[in-house]
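Participant: pasting a predicted model and its sequence here:
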Amino acid sequence: MSDTKSNQTRKPEGGVSHLTSAEHQERAYNGLSDDERFWVKRAMEYAIREEYWDAISAFASDLNRSSGTPVFTIYQTLLRYIESPEKFEEGLLGFFKIERR
């Protein structure tokens, strides 16, 4: 018997969201400004080629210039996400969740 709730997340009001991780990422990406989308897209062009240092450098430069987020913090955080391009994109999008809190 499979666990059908594995891709479900609880909403604060008690409802259940049936969005997959990819759908959550797509929603997060769609909520970005044009500049933010450009930064993510540019970083992902490197990540797809597994050029993670270049991806992190490009993204760190853009985000630091815009928000003042320390470059060292960006590097430390994104290094945890270099196992695959999909995981890396999750890390990139996570920065915008933090910024908007």
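Facilitator: Received, thanks. In this text the structure is predicted, and so the values were computed from the model without any measurement.

Participant: and the gap between Y46 and V40?
Facilitator: Using Cβ to Cβ, to the nearest Å, Y46 is found at 11 Å from V40. Any C-beta I mention is one placed from the backbone N, CA and C, and that applies to glycine too.

Participant: again, but for G68
Facilitator: According to Cβ to Cβ, G68 and V40 sit 18 Å apart.

Participant: one more: E51?
Facilitator: Separation of E51 from V40 (Cβ to Cβ) stands at 15 Å.

Participant: tell me which of the two has more neighbours.
Facilitator: Between E51 and V40, counted using other Cβ atoms under 10 Å, V40 has the larger neighbour count: 22 against 14.

Participant: check what pLDDT the more buried one gets.
Facilitator: Listed pLDDT for V40 reads 95.

Participant: got it, and L92?
Facilitator: With respect to pLDDT, L92 has a value of 94.

Participant: show me where the protein has helices.
Facilitator: Using DSSP state H, the helices found in the chain span residues 21-30, 34-48, 52-67, 71-78, 85-99.

Participant: what helices or strands is the second one leaning on?
Facilitator: Helix 34-48 makes packing contacts with helix 52-67, helix 85-99 when contacts are defined by 3 or more Cβ pairs under 8 Å, 6 or more residues apart in numbering; DSSP states H and E.

Participant: tell me which residues in the longest one are buried?
Facilitator: Just to be clear, that refers to helix 52-67. Using 16 or more other Cβ atoms under 10 Å as the test for burial, helix 52-67 gives 52, 55-60, 62-63.
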